[in-house]
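[1] Give me a 3D structure for the following:
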Amino acid sequence: MDMRSGEGAETNRDHVQLYGLDCEDYRWLLDVTTIAIVVTDGDGRIRLLNAEATRLFGHRADALIGRHVEMLIPERFRVDHARHREAYKSAPRPRAMGAGVQLYGVRADGSEFPMEIGLTPLNTRHGFLVATTIIDVSARDRAEQALMQAQKMEAVGQLTGGIAHDFNNLLTVISGNLQLLQERLADDQLNLHLANAAADAASRGAELVRSLLAFSRKQALKPQTIRLSETCRRMLPILERTLGEHLTIQLVERNEWEAVADVAHFESALLNLAVNARDAMEKGGQLIIEVADHVIDSADALGTHGASPGDYVMLSVSDTGCGMDLETHSRALEPFFTTKPGGRGSGLGLPMVFGFARQSGGFMRIFSEPGQGTTIRLFLPRAKGREPEVVATACTLSDYRGSETILILEDDEAVGSLAAQLLDSLGYRVLRARNGASALSLADEGHSIDVLFADLILVGKLDGIDVANALCARQPTLRVLLTSGYPQDVVRRGGRIPESARLLPKPYDRNLLARSIRAILDQG
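    Numbering: from 1, shown residues only. Presented below is the predicted three-dimensional model:
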């Protein structure tokens, strides 16, 4: 409302003149400022307010003039506010905006918002007045909360990523040796059963580590151009079997754009979101999956960590379940946090989806209220163009055997010993080195090396990439296969990696190692 015209303006003009403020000369200064200003008398009654104040609180000026200022404060704070106001009156002093005082205001429609105030006491010939400047800090609070959440997620991500790196080394040794043991126990069914159980546990451990890497945005992804709506449609039968007959699923397709994402990890993210929704609807309900094109502008990106302006394809998963309270909402992305009864949930579903979104160049938003259900939106970047699809062919282990010479560069004795056993069982000639200097010495001794199989991170001055570059300079035809329990290491060192090098993430077993070695030897 423009307070320079109409009934509200007349009311303010009368009161300004009454208190000797010469409104005709200065009124326009109040109304052009973007900060709300409310002037109260010694009894806390409103005597003047500018146009921004009427806009902020949603009241007409004439509805506020003469009323106690507490009507602009939520009811639960009014008694305390009146007490503080009286205390300020007894010892008035200027208090600048941002001096640590933040209150909540209430609009005419009943909605509340955080506000920051500044106070200036005025002694006029008509009595004591207080000029209060007010700004709505909702956007700032959202941005600060998003930053705090991002910092917390980054800290937890660093921790989980480091743990995953060490566990991958352990799991590589456990899984590989169990695989060799299973082959030797083929005729001993009792002990084979025990070995199989241990192998299953190791497999679950590897899945847990992958979940941790997903959250910390350090998993190995294979992004490609995909149409999310087609993937969701293909996943519907799986979702229907997983969710059960007590839930109905609706797929809403409102998109034409393609996205860039790892297909397998997107399918896993969708399944995780659907399972979370199912658990929130124990008595039945509806799951709505929506795929839509979405343009994010600068204003829309504000307050969401990782959000940048641009074109996205949005996956929205909504349920009609119990919803989340504020505490649950604030902790929803913490690894291992779960509200499910003991043993029913790992607390890694949403963190995995969050990590996948961020590592894919997108972001995630959660909307939820108790009793109103939950909506989770995953935004993935729009594809610039379609990429050719790669069709895999089926092979057996015998197809991956060979007789070439492999130099294993691994500083972990257990991992290096296992890799040597696995490759030796496939017919390869194996050389071993535990540090970069030893690997270079073997090459200097005249050994013919076909493949360097090197851990990325090594103890000492030289890492796996340093050795790879040095050997490739001497032998341009050398093939390089790098391995790491921390795939993000490859991203950080991307500019130094030989062009022909490939990556084998840990943990790996004999089949995966065999395929990787054979593929790099057979590449053109």
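[2] List the beta-bridge partners for residue 133.
    In this structure, residue 133 has the following beta-bridge partners (DSSP bridges): residue 37, residue 118.
[3] Could you give the number of residues near it?
    20 (other Cβ atoms under 10 Å). For the C-beta atoms, the positions are set from N, CA and C on the backbone; glycine is no exception.
[4] quick one, what contacts it?
    Applying Cβ atoms under 8 Å, 6 or more residues apart in numbering, we find residue 133 in contact with 35, 36, 37, 97, 117, 118, 120.
[5] Serialize those residues to TSV and add fields for neighbour count and pLDDT.
    Conversion of the contacts of residue 133 to TSV gives the following (neighbours: other Cβ atoms under 10 Å; pLDDT from 0 to 100):
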residue	neighbour count	pLDDT
35	15	90
36	24	93
37	20	93
97	13	68
117	18	90
118	18	89
120	16	91
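[6] Farthest pair within these?
    Farthest apart among the contacts of residue 133 by Cβ to Cβ are 36 and 120. That separation is 13.8 Å.
[7] thought residue 320 was touching residue 281?
    Yes. Taking contacts as Cβ atoms under 8 Å, residue 320 lies within contact range of residue 281: 6.3 Å.
[8] Show me where the stretch 251-400 of the chain has its strands.
    When assigned using DSSP state E, counting those that start in this stretch, the strands of the stretch 251-400 of the chain occupy the ranges 259-261, 285-296, 310-319, 363-368, 374-381.
[9] and the residue most central in space within the chain, how far is that from residue 231?
    If you average the C-alpha coordinates of the chain and look for the closest C-alpha using Cα atoms, centre = their mean, you land on residue 354, 3.6 Å from that point. As for residue 354, its distance to residue 231 is 19 Å (criterion: Cβ to Cβ, to the nearest Å).
[10] again, but for residue 310
    Counting by Cβ to Cβ, the gap from residue 310 to residue 231 is 21 Å.
[11] cool, residue 312 as well?
    Note on residue 312: its distance to residue 231, by Cβ to Cβ, is 16 Å.
[12] Between those two, point out the one with more neighbours.
    The residue with more neighbours, out of residue 312 and residue 231 and counting by other Cβ under 10 Å, is residue 312; that gives 24 against 17.
[13] Tell me the bridge partners for the more buried one.
    residue 294, residue 381.
[14] from now on call the first residue 17
    Got it, the first residue is 17 from now on, which makes the last one we talked about residue 328.
[15] Touching, residue 153 and residue 133? I think so.
    No. Residue 153 lies out of contact with residue 133 (Cβ under 8 Å); the separation is 10.2 Å.
[16] Okay, now the unreliable bits of the stretch 17-166 of the chain?
    For the stretch 17-166 of the chain, applying pLDDT under 70 flags the ranges 17-43, 113-118, 162-166.
[17] where exactly do the helices run in it?
    Shown for the stretch 17-166 of the chain, the helices assigned by DSSP state H, counting those that start in this stretch span residues 22-34, 39-48, 67-73, 94-106, 154-200.
[18] Repeat that for the stretch 217-366 of the chain.
    Along the stretch 217-366 of the chain, the stretches classed as helices by DSSP H, counting those that start in this stretch are 244-259, 279-295, 314-317, 342-347, 365-375.
[19] which stretch in the strands of the stretch 267-416 of the chain has the least confidence?
    Comparing mean pLDDT over these, the weakest stretch is strand 379-384, at a mean of 87.
[20] Show me what that strand is packed against.
    helix 365-375, strand 390-397 (3 or more Cβ pairs under 8 Å, 6 or more residues apart in numbering; DSSP states H and E).
[21] Now it: buried residues?
    Within strand 379-384, the residues scored as buried using 16 or more other Cβ atoms under 10 Å are 379, 380, 384.
[22] ok, now which ones touch the second one?
    Each residue near residue 380 by Cβ under 8 Å, 6+ apart is listed here: 369, 370, 373, 374, 392, 393, 394, 395.
[23] Show me how this protein divides into domains.
    22-152, 157-231, 240-397, 413-538 (automatic domain parsing).
[24] re the thing from before, ok, the buried residues of strand 379-384 vs residue 129, which is closest?
    The closest of these to residue 129 turns out to be residue 384 (Cβ to Cβ; 20.3 Å).
[25] so the residue nearest to the centre of the chain touches residue 378, yeah?
    No. Counting by Cβ under 8 Å, residue 370 sits too far from residue 378 to count as a contact (10.2 Å).
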